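> here is my input, please return the structure:
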Amino acid sequence: MRRCPGLHCDGCGDGGGPVLIAVLVVLAIIGAVVHAIWHQLVEAVEIVALVLVSGCGLAVAAGGVYLAMRIRARQLEVRARRTVPARAQVIRLGEPPIVIDSTTGQAIEAPRQRTAGWPLAGRWEEINPSTDRRTS
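The predicted structure follows:
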C-alpha cells in the first residue's frame with residue numbers, strides 16, 4: 001500500500017496530532033512534578049546536612065567540656081595529694097611566743113619586751129570599768 005502524501009486531499013487518518021499533544025501534555029506534567037520534587041529533595045538534603053553538622057558541633061563542644069572537667073579534676077586530685085610542709089610553732093606558757101623557722105631552726109624575731117603595766121601612768125581616769133553610766 002502506498003501512503004497518501006495528502007497533497008490533493010486530507011490524507012489518510014488524522015496524522016497523529018491529538019496523540020502528539022497528549023504526549024506533550026503528559027511530559028510537561030511529569031517535568032513539573034519532577035521539578036517540584038527535585039526542589040523538595042534538595043531542601044530535605046540541606047536540612048539533614050545541617051542537622052548532622054549541628055550534631056557534630058554539639059558532640060565536639062560536649063567533648064571539650066568533658067575533657068576540661070577531667071583535666072580540672074586531675075589537677076585537684078594532684079593538689080590534694082601534695083604534701084604540705086608543717087611549720088612548727090613552740091609556745092611556752094608564761095613567756096611571749098617565739099616563732100621558729102622550720103628550715104633553719106632559728107628564731108625569726110626576738111621576743112618582745114613586756115611593758116611595765118597598762119594603762120600608762122596618769123591615764124586611770126579614762127578607764128571606767130563599772131557599768132554604771134550615771135557617773136559619766
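
> pretty sure residue 87 sits in a helix.
No: with DSSP: H, G, I helix; E, B strand; the rest coil as the criterion, residue 87 is coil rather than part of a helix.

> strands along this structure, start to end?
Ranges of strands in the chain, per DSSP state E, are 89-90, 98-99.

> what about the protein, any weak spots by pLDDT?
Residues of the chain that meet the criterion pLDDT under 70 lie in 1-17, 84, 90-99, 105, 107-136.

> with only the CA atoms kept, save stretch 48-66 in CSV.
Provided in CSV are the C-alpha atoms of stretch 48-66 (Å, rounded to 0.1, in the frame of the first residue of the first chain):
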residue,chain,number,x,y,z
VAL,A,48,19.6,16.7,57.0
ALA,A,49,23.1,18.1,56.4
LEU,A,50,22.5,21.0,58.8
VAL,A,51,21.2,18.6,61.5
LEU,A,52,24.3,16.4,61.1
VAL,A,53,26.7,19.3,61.2
SER,A,54,24.9,20.7,64.3
GLY,A,55,25.1,17.3,66.0
CYS,A,56,28.8,17.0,65.2
GLY,A,57,29.4,20.5,66.6
LEU,A,58,27.4,19.7,69.8
ALA,A,59,29.4,16.5,70.2
VAL,A,60,32.7,18.4,69.8
ALA,A,61,31.6,21.0,72.4
ALA,A,62,30.5,18.4,74.8
GLY,A,63,33.8,16.5,74.4
GLY,A,64,35.7,19.7,75.1
VAL,A,65,33.7,20.4,78.3
TYR,A,66,34.2,16.8,79.4
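
> check the gap between residue 88 and residue 48 for me.
70 Å (Cβ to Cβ, to the nearest Å). No exception for glycine: its C-beta is placed from N, CA and C like everyone else's.

> do the same with residue 18
Per Cβ to Cβ, residue 18 is found 45 Å from residue 48.

> swap in residue 61?
Taking Cβ to Cβ, one finds residue 61 at 21 Å from residue 48.

> what do you get for residue 58?
Residue 58 is 16 Å from residue 48, by Cβ to Cβ.

> just residue 82 next, same as before
51 Å.
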